[in-house]
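Participant: A structural model of the following input is requested.
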Amino acid sequence: MMKRLLVATLAGVAFAASAQQVSIATSNPGSIYHSSGSVIAKLLNEKGNVQTTIQPFASPNVFIPSIEAGEIQLGLANIAEVRYALEGSEHFQGRPYKGLRAVAIMYPLRSAIFVRKDSPIRSLADLKGRPVLDGFSSQKIILPLLDAMYATVGMKRGDMRPVQVPTVVAGADVFASGKSDMFFFAIGAAKPKEVDASVGGIRMLSLANTPEAAAAIKKHFPPGYLRLEKPSPVNTGVLSDSYSLAYDALVFASLKTPDNIAYQTAKVMYENGKSMGEQFGPFRLFDTKTMAKDVSPVEYHPGAVKFYKEAGIWPAK
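Facilitator: Here you go, the predicted model:
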């Protein structure tokens, strides 16, 4: 009797593990996070024995409370967004989410401002007085990025005519409709490619590669840095060597996310880097050597740390 009970119990545990349901919160379809989340979900389903689905939201500041509460197990965002939420600063002022933890760095998130390919606008300074996207009520993280970019040419957002939008995806559609002279997006995402086809071509506006520009970026957006971008099939709109504002995109969780979920996520990413790059271009910049890099004050999830120790890439550098 006891033997049969033990077998039944073990079978039940095995079934529960195999049937474990995980949700990954991403931004809306067309965003770089939605495409990235789809790749990671596929890996967890096929390689990690974890039933995983995608849940799209307007932005991380919408779904971070659900991550903290354990209602959603994983999320994709940039390091600044997670840091602000952890500390209760910027657009999370007075609302700290102290249980947030990093799982893995995905790649540098390369942000840029784009205009139409045939536009007379050749530099950020040429945007002065023109209609540009602003507001980003559901993606507050965009505002300090724009502040940093405009500061590299001595401008502020108030120097342009604001066109209010809730998200970058909505903003790209507004640009395509002709109501804005620019749009802001991540290089390599699906949406710029769509817009490129719909308007007859887009062109990235390069940031200046100078110490002054780098200092302006650090002042307004400390996690940011200048990064050289080269034309390639993946880099839609990058027509010549140009400099983007880069910062790290990551998978994150909370202390209420089970250890085995964070562990399996880190593991499938570590073991399938090439496959991820083949499925979605930005993952070609994924690097196992830096996937556990130091992102203080954000700490890593204990489950992810367990895997990184096994893989020999911990402590984080």
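
Participant: How many residues are close by Gly158?
Facilitator: By other Cβ atoms under 10 Å, the residues close to Gly158 number 9. No exception for glycine: its C-beta is placed from N, CA and C like everyone else's.

Participant: Equivalent analysis for Gln93, please.
Facilitator: By other Cβ under 10 Å, neighbour count at Gln93 equals 10.

Participant: Where do the strands of this structure begin and end?
Facilitator: When secondary structure is read from DSSP state E, the chain shows strands at 21-26, 51-56, 74-78, 100-116, 131-135, 161-165, 183-186, 202-205, 225-229, 242-254.

Participant: what's the nearest residue to Ile54 once chain neighbours are set aside in contact with, if anything?
Facilitator: Once flanking residues are discounted, Ile54 sits nearest to Gly37: 5.1 Å by Cβ to Cβ, 6 or more residues apart in numbering. By Cβ atoms under 8 Å, 6 or more residues apart in numbering, the contact list for Gly37 reads 24-26, 54, 76.

Participant: What's the mean pLDDT across stretch 99-111?
Facilitator: Averaging the model's pLDDT scores along stretch 99-111 yields 96.

Participant: can you start the count at 36 instead of 1 from here on
Facilitator: Done: numbering now begins at 36, and the last item shifts to stretch 134-146.

Participant: on that earlier part again, between the contacts of Gly72, which sits nearest Gly338?
Facilitator: Ile59 (15.2 Å; Cβ to Cβ).

Participant: tell me, how many neighbours does the closest one end up with?
Facilitator: 25.

Participant: Tell me who's in contact with Leu111.
Facilitator: Contacts of Leu111 by Cβ under 8 Å, 6+ apart are 59-62, 68, 71-72, 75, 95, 141, 284-287.

Participant: rerun at 7 Å
Facilitator: With Cβ atoms under 7 Å, 6 or more residues apart in numbering as the criterion, the residues that contact Leu111 are 59, 61, 68, 71-72, 284, 286.

Participant: Between its first and last residues, how far does stretch 195-205 reach?
Facilitator: With Cα to Cα, to the nearest Å applied, stretch 195-205 spans 19 Å between its terminal residues.

Participant: how about the CA coordinates for stretch 242-253, as CSV?
Facilitator: The C-alpha trace of stretch 242-253 is given here as CSV (Å, rounded to 0.1, in the frame of the first residue of the first chain):
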residue,chain,number,x,y,z
LEU,A,242,23.9,60.8,-32.2
ALA,A,243,27.3,62.6,-32.0
ASN,A,244,30.2,60.4,-30.9
THR,A,245,31.7,63.0,-28.6
PRO,A,246,32.6,63.2,-24.9
GLU,A,247,30.1,66.0,-24.5
ALA,A,248,27.3,63.8,-26.0
ALA,A,249,28.3,60.9,-23.8
ALA,A,250,28.2,63.2,-20.7
ALA,A,251,24.7,64.5,-21.7
ILE,A,252,23.4,60.9,-21.9
LYS,A,253,24.8,60.0,-18.5
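
Participant: Determine how far it lies from the middle of the whole chain.
Facilitator: 22 Å (Cα atoms, centre = their mean, to the nearest Å).

Participant: average pLDDT across it?
Facilitator: Across stretch 242-253, pLDDT averages out at 98.

Participant: Show me which positions of that stretch end up buried.
Facilitator: 242-243, 248-249, 251-252 (16 or more other Cβ atoms under 10 Å).

Participant: Now the two most distant members of those residues.
Facilitator: Ala243 and Ile252 (10.4 Å).

Participant: that older thread, now the strands of the chain as JSON lines including distance to Lys352?
Facilitator: Converted to JSON lines, the strands of the chain look like this (distance: least, Cβ to Cβ, whole Å):
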{"stretch": "strand 56-61", "distance to Lys352": "27"}
{"stretch": "strand 86-91", "distance to Lys352": "29"}
{"stretch": "strand 109-113", "distance to Lys352": "20"}
{"stretch": "strand 135-151", "distance to Lys352": "12"}
{"stretch": "strand 166-170", "distance to Lys352": "37"}
{"stretch": "strand 196-200", "distance to Lys352": "38"}
{"stretch": "strand 218-221", "distance to Lys352": "25"}
{"stretch": "strand 237-240", "distance to Lys352": "31"}
{"stretch": "strand 260-264", "distance to Lys352": "17"}
{"stretch": "strand 277-289", "distance to Lys352": "14"}
